[in-house]
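coords please:
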Amino acid sequence: MFERLSLEASAYIGYVKVKVWIKNGQVHYAKNVMTEGEEIIDAVRKIPVEDLIKRIEKLGIEGWKDECQNQECEYYDAGYYWTVKYKDSQKGTITLKERAVYPSKWGEFLKLLNDIAGNLWYLTEE
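Take a look at the predicted model:
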């Protein structure tokens with residue numbers, strides 16, 4: 001079962017860190033967005049835990065490493081770096097670190113993080 005998910009991303013204009021976890025049956029998050037000077041240590045998002053888990057499962061994070069190594073990712077600016085950590089009680093911990101390549105479901109991943117932590121425009125180029 002899903003336990004924790006985090007993203008760290010950096011580029012020429014700044015960085016963002018987002019963590020998502022479940023505690024006491026609620027979805028919690030923390031974020032730090034340098035470009036806006038915004039930091040949230042622990043907040044609760046009113047999103048059903050089951051919905052969060054379904055959306056994470058649809059992302060197929062455990063397959064991202066192979067997808068990126070096989071050059072099937074979209075290519076963006078070489079100045080972008082990202083790290084995703086995904087912890088699951090059954091699958092263990094998956095850590096992915098990439099530069100300038102993104103899995104095909106990257107947009108869905110960022111949408112999920114925006115829905116939870118809000119205002120991550122830096123990552124979505126809005």
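
what is the helix or strand L7 falls within packed up against?
Here L7 sits within strand 2-11, counting by DSSP states H and E. Applying 3 or more Cβ pairs under 8 Å, 6 or more residues apart in numbering; DSSP states H and E, one finds that strand 2-11 makes contact with strand 14-23, helix 49-59, strand 81-88. Just so you know, the C-beta spots here come from the backbone N, C-alpha and C atoms, and that holds for glycine as well.

what's the closest of those to I40?
strand 14-23 (9.5 Å; Cβ to Cβ).

sheet partners, orientation included, of whichever helix or strand comes after the closest one?
Using DSSP H and E, the next helix or strand after strand 14-23 towards the C-terminus is strand 26-33. Strand 26-33 pairs in its sheet with strand 14-23 (antiparallel), strand 38-45 (antiparallel), by DSSP bridges.

can I get those in TSV with mean neighbour count, mean pLDDT and distance to L112?
Formatted as TSV, those follow (neighbours: other Cβ atoms under 10 Å; pLDDT from 0 to 100; distance: least, Cβ to Cβ, whole Å):
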stretch	mean neighbour count	mean pLDDT	distance to L112
strand 14-23	18	85	8
strand 38-45	12	72	11
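
go through those and name the closest to L59.
strand 14-23 (12.2 Å).

just the CA trace of that closest one, in CSV.
Taking Å, rounded to 0.1, in the frame of the first residue of the first chain, the C-alpha atoms of strand 14-23 are listed here in CSV:
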residue,chain,number,x,y,z
GLY,A,14,14.5,27.8,-8.9
TYR,A,15,13.4,24.6,-7.2
VAL,A,16,10.4,22.9,-5.7
LYS,A,17,10.1,20.1,-3.1
VAL,A,18,6.8,18.3,-2.5
LYS,A,19,6.0,15.4,-0.2
VAL,A,20,2.7,13.5,0.1
TRP,A,21,1.8,11.0,2.7
ILE,A,22,-1.2,9.4,4.5
LYS,A,23,-1.7,9.9,8.2
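
partners of Y102 in the sheet?
Beta-bridge partners, per DSSP bridges, of Y102: E74.
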